[in-house]
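Participant: My questions are about this predicted structure, shown below with the sequence.
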Amino acid sequence: MTYVVTDNCIKCKYTDCVEVCPVDCFYEGENMLVIHPDECIDCGVCEPECPADAIKPDTEPGLEKWLEVNTKYASIWPNLTEKRDELPDAKEMDGVEGKFEKFFSEEPGEGD
């Protein structure tokens, strides 16, 4: 098992989860974070820290797509190990439907 970041992170990008991760397995895109599934130790401390409820265990039904997204982008985006400010529209974008199709960016973030 691993944890995955899902579409509600898009255009929110809270980093509370990054701050508590003991193995630094978060990677930063332009407008979302992902978890490297081979680095995640399944401790679960990140899940309750996410204000957008965007982190889920990959054992939940229907998360296969998100496991693929996290795996792909964790291998090409830079590592992020410290808390940063959320994106400016985070509160307004929290819970918006269809964010992956409308807003997802493949561009990398800054990382550390």
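Facilitator: Arrived safely. Residues are numbered from 1 along each chain as shown.

Participant: Which parts of this protein are strands?
Facilitator: Secondary structure of the chain by DSSP state E: the strands cover 3-5, 26-28, 33-35, 55-57.

Participant: mind checking how far residue 96 is from residue 11?
Facilitator: 8 Å (CB to CB, to the nearest Å). The C-beta positions use only the backbone N, C-alpha and C, and glycine is treated the same way.

Participant: Of the two, which one has the most company?
Facilitator: residue 11 (24 against 15; other CB atoms under 10 Å).

Participant: what does the model give the closest residue to that one other than its chain neighbours for pLDDT?
Facilitator: Excluding its sequence neighbours, the residue lying closest to residue 11 (CB to CB, 6 or more residues apart in numbering) is residue 93, at 4.1 Å. For residue 93, the pLDDT comes out at 97.

Participant: for residue 78, same thing?
Facilitator: Confidence score, pLDDT, at residue 78: 98.

Participant: which residues touch it?
Facilitator: Counting by CB atoms under 8 Å, 6 or more residues apart in numbering, residue 78 touches 27, 28, 108, 109, 110, 111, 112.

Participant: Which two among those residues are spaced furthest apart?
Facilitator: Longest distance between any two of these is 12.3 Å, between 108 and 112; criterion CB to CB.

Participant: So these two - more neighbours on which side?
Facilitator: Between residue 108 and residue 112, counted using other CB under 10 Å, the more crowded position is residue 108 (14 against 11).

Participant: Please name the bridge partners of that one.
Facilitator: residue 29 (DSSP bridges).

Participant: Was I right to think it contacts residue 32?
Facilitator: No. Taking contacts as CB atoms under 8 Å, residue 108 lies outside contact range of residue 32: 11.1 Å.
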